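Peer 1: Sharing a sequence plus its predicted fold:
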Amino acid sequence: MSYRKHLGRLTAIFILPGMVLFAFTVVVPALVALGYSLNSWPSLTTPKWIGLANFVDLVHDGLFWLSLWNNLKLALYTLIGQVGIGYAMAFLLNSRLVAFRNFFRTVMFFPVLVSTVVLSFLWTLVYDNDNGMLNVALRALGLGHYATAWLSNPHIVVGALAVPLIWQWFGFYMVIFMGALGTIPKEILESAELDGAVGVKKALHITIPLTYDAVVVSVLLCLAGIMKMFDTVLVMTDGGPGNSSMVLALYAYRVSFRDIQLGYGNAIAVGIIVVSLAITSSARLLLGGKRYAQ
């Protein structure tokens, strides 16, 4: 009994600093934002209490819903690209078919280490209409009719933004999946091969089930990252052309610090929190976890 009591105290001592830090970096700012969102606070004037009026306006704000729709489209593209390509590359590098796997793993992970602002600027140059690498390559291959102003076309700009996001982050998820694949006991894989489970059959019945929790974690990380997407869009399009590539975080920033409507900007921030929690919680319930590991 004494052992359990001391263990409980020791656990509390180790957990308490983390809980305090979490409260002051997450909970307290969220509550402060909620308080500000209940006020009208234009420019440098004194906040004026208006209750839920900002949230009523938010529900009827077409640009907020357009921004959310763009976030959802980016989420779909990056889930397929970042998580899907990351898993495929991890599976390939974990096989016996690839030599120099450490070299390829390092090369694919390298973009994660580079500043997002720098990569966004480089991709802006790649997409340049006249001298960008992409259009120059298309024209050189005789496919000049496909060359276009990638970041100025409202119909394709969100997809164009997804490409550098996929390129930068698929290596991150590849490393996660390679770690998960490395935890599968070799005895299980060898037994499966002896039983005739090779190739696709081994992947479907052995590899994927035993790495399912890593897939769940990766999906949740990807969704959380896209819901707070800001810097790539700011550097490459600033929400344009028009508002066709506007995302939630950039919209909150623009309203708060360009239009100086701090009350409404905080209402948008609270809306982002609510929507993000709803999306990630729904994904968590849908995907479950450990369903294959029993």
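Peer 2: Looks like it came in fine.

Peer 1: Run the chain-centre distance for the strand or helix carrying residue 13.
Peer 2: Assigned by DSSP states H and E, residue 13 belongs to helix 2-22. How far helix 2-22 lies from its chain's middle: 32 Å, per Cα atoms, centre = their mean, to the nearest Å.

Peer 1: likewise stretch 98-118?
Peer 2: Relative to its chain's centre, stretch 98-118 lies at 18 Å (Cα atoms, centre = their mean).

Peer 1: And for stretch 13-23?
Peer 2: 26 Å.

Peer 1: what does stretch 19-35 give?
Peer 2: Centroid separation for stretch 19-35 versus its chain: 22 Å, with Cα atoms, centre = their mean.

Peer 1: Just the residues contacting that stretch, thanks.
Peer 2: 266, 269, 270, 273 (Cβ atoms under 8 Å, 6 or more residues apart in numbering). Every residue, glycine included, has its C-beta placed from N, CA and C.

Peer 1: was I right about the third one contacting residue 37?
Peer 2: Yes: between residue 270 and residue 37 there is a contact at 5.0 Å, judged by Cβ atoms under 8 Å.

Peer 1: Tell me which of those two has more neighbours.
Peer 2: Taking other Cβ atoms under 10 Å, residue 270 and residue 37 do not tie; residue 37 has more neighbours (24 against 21).

Peer 1: isn't that one right up against residue 273?
Peer 2: No: contact criterion Cβ under 8 Å: residue 37 and residue 273 do not qualify, at 10.4 Å.

Peer 1: can you tell me which residues contact residue 226?
Peer 2: Going by Cβ under 8 Å, 6+ apart, residue 226 touches 71, 74, 75, 78, 165.

Peer 1: circling back: find the residues that touch each one of residue 270 and residue 37.
Peer 2: residue 55.

Peer 1: Spit out the contact partners of residue 51.
Peer 2: Per Cβ under 8 Å, 6+ apart, neighbours of residue 51: residue 38.

Peer 1: Just to be sure, it is in a strand?
Peer 2: No: looking at residue 51 with DSSP: H, G, I helix; E, B strand; the rest coil, it is coil, so not inside a strand.
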